[in-house]
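Chemist: dropping the sequence and predicted coords here.
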Amino acid sequence: MPEIIAHTIENHVGWITLNRPEKKNTLTPDLLLGLHRTLKDWADTDAVRAVVITGSGDRAFSAGYDITAIPTKIDPEEAELLKTTNPLTLALDAVKFFPYPTIAMLNGYAYGAGLNLAVCCDIRIGADDIAAGMPPAKLGLVYHPEGLAQFAEVLGMARTRELFLTAATFRGDALLQMGLVNRLDSRETLRETTAAVAGSIAANAPLSLKGMKTILNHLGSAALSDEANAEAEALIAEAFNSRDLKEGQLAFLEKRPPVFEGR
């Protein structure tokens with residue numbers, strides 16, 4: 001059975017593939033823990049000075065979070081971590097705070113938590129025929145504050161509001177204008193272009209890369225107050241327990257527009 005996280009190292013560039021093509025590379029707890037583990041192992045050495053994350057196949061980078069999956073392999077250290085956090089947070093933090101630059105190679109569409117994963121990378125390079133969007137508002141969900149903050153840091157507040165409040169799908173030049181990708185390339189040359197960018201990064205001075213990435217992360221960090229965080233958690237719980245969430249899920253499965261009631 002193939003690993004759900006495939007990884008190799010070539011000339012100081014670490015390549016990670018989300019390997020669930022039959023499931024559109026949706027993010028499961030096992031996959032997220034594998035991503036966290038791989039990046040943690042690489043962070044302990046200077047062997048990897050740039051990371052490229054991509055999806056398996058040619059359809060999807062990642063279609064988002066797979067809420068139907070549960071962890072099957074958790075070591076004691078990860079079990080302890082999961083008492084205070086969740087696999088998605090572990091993986092996103094591992095990407096965002098990896099000591100060296102990270103690149104998302106968007107070989108296909110990216111939605112929901114899959115797009116959030118890409119946004120946590122320092123650079124995003126996509127095939128020119130991909131699509132991306134954040135659908136929580138169409139499903140009756142309230143997205144978590146950390147994720148919204150990660151998008152606002154990359155896109156700015158105005159574009160983050162547009163992305164989440166419209167729940168629209170973006171393609172082509174709109175992806176560039178929104179800041180969801182740094183550049184687009186033809187599917188035929190996408191890997192070659194990404195490898196060239198990663199290689200040029202890995203050839204730079206390691207202390208410079210680590211130092212500037214650390215400072216940039218500090219400059220971009222913003223945390224909610226305890227009061228604001230408590231309010232956000234209450235709003236998330238209210239939406240999660242609403243009739244609208246059930247309607248959003250049913251409408252998605254039935255491929256029809258949802259009819260929301262606001263309760």
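Modeler: Nice, I can see it.

Chemist: next one: stretch 28-40 to chain centre, how far?
Modeler: On the basis of Cα atoms, centre = their mean, to the nearest Å, stretch 28-40 sits 12 Å off its chain's mean C-alpha point.

Chemist: cool, and stretch 234-252?
Modeler: 22 Å.

Chemist: one more: stretch 252-261?
Modeler: 25 Å.

Chemist: what ranges do the helices span in the stretch 1-150 of the chain?
Modeler: Here the stretch 1-150 of the chain has its helices, by DSSP state H, counting those that start in this stretch, at 29-43, 76-81, 87-96, 113-119, 136-139, 145-155.

Chemist: winner for burial among those?
Modeler: Compared across the helices of the stretch 1-150 of the chain, helix 113-119 shows the largest average neighbour count, a mean of 26 (mean count of other Cβ atoms under 10 Å). To be clear about C-beta, it is placed using only N, CA and C from the backbone, and glycine gets the same treatment.

Chemist: what's it packed up against?
Modeler: Applying 3 or more Cβ pairs under 8 Å, 6 or more residues apart in numbering; DSSP states H and E, one finds that helix 113-119 contacts strand 60-62, helix 87-96, strand 102-106, strand 131-133, helix 145-155.

Chemist: lowest average confidence across the helices of the stretch 1-150 of the chain, which one?
Modeler: If you rank the helices of the stretch 1-150 of the chain by mean pLDDT, helix 76-81 sits at the bottom with a mean of 58.

Chemist: now the residue nearest to Glu146 when sequence neighbours are not counted: how far from Thr54?
Modeler: Nearest residue to Glu146, sequence neighbours excluded (Cβ to Cβ, 6 or more residues apart in numbering): Thr89, at 6.8 Å. Separation of Thr89 from Thr54 (Cβ to Cβ, to the nearest Å): 22 Å.

Chemist: cool, Trp42 as well?
Modeler: To Thr54, Trp42 is 16 Å away according to Cβ to Cβ.

Chemist: my read: His7 touches Thr17, true?
Modeler: Yes - contact criterion Cβ atoms under 8 Å: His7 and Thr17 qualify, at 7.3 Å.

Chemist: lowest confidence element among the helices and strands of this structure?
Modeler: Taking mean pLDDT, DSSP states H and E as the measure, the helix or strand of the chain with the lowest value is helix 76-81, at a mean of 58.

Chemist: out of the helices and strands packed on helix 113-119, which gets nearest to Pro29?
Modeler: Distance to Pro29, taken as Cβ to Cβ, is lowest for helix 87-96 among the helices and strands packed on helix 113-119, at 4.2 Å.

Chemist: CA atoms of that closest one as PDB?
Modeler: This file holds the C-alpha atoms of helix 87-96, laid out as PDB (Å, rounded to 0.1, in the frame of the first residue of the first chain):
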ATOM      1  CA  PRO A  87      -3.600  17.400  13.200                       C
ATOM      2  CA  LEU A  88      -4.400  20.300  10.900                       C
ATOM      3  CA  THR A  89      -2.900  22.900  13.200                       C
ATOM      4  CA  LEU A  90       0.200  20.700  13.700                       C
ATOM      5  CA  ALA A  91       0.700  20.400   9.900                       C
ATOM      6  CA  LEU A  92       0.000  24.000   9.100                       C
ATOM      7  CA  ASP A  93       2.400  25.200  11.800                       C
ATOM      8  CA  ALA A  94       5.000  22.700  10.600                       C
ATOM      9  CA  VAL A  95       4.800  24.300   7.100                       C
ATOM     10  CA  LYS A  96       4.600  27.900   8.200                       C
END
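
Chemist: show me what it is packed up against.
Modeler: helix 29-43, helix 113-119, helix 145-155.

Chemist: how far off centre is that helix?
Modeler: Relative to its chain's centre, helix 87-96 lies at 8 Å (Cα atoms, centre = their mean).

Chemist: what's next to that helix, contact-wise?
Modeler: 27, 29, 32-33, 35-36, 39-40, 43, 51, 53, 65, 71, 78, 81-82, 102, 113, 116-117, 120-121, 146-147, 150, 217 (Cβ atoms under 8 Å, 6 or more residues apart in numbering).
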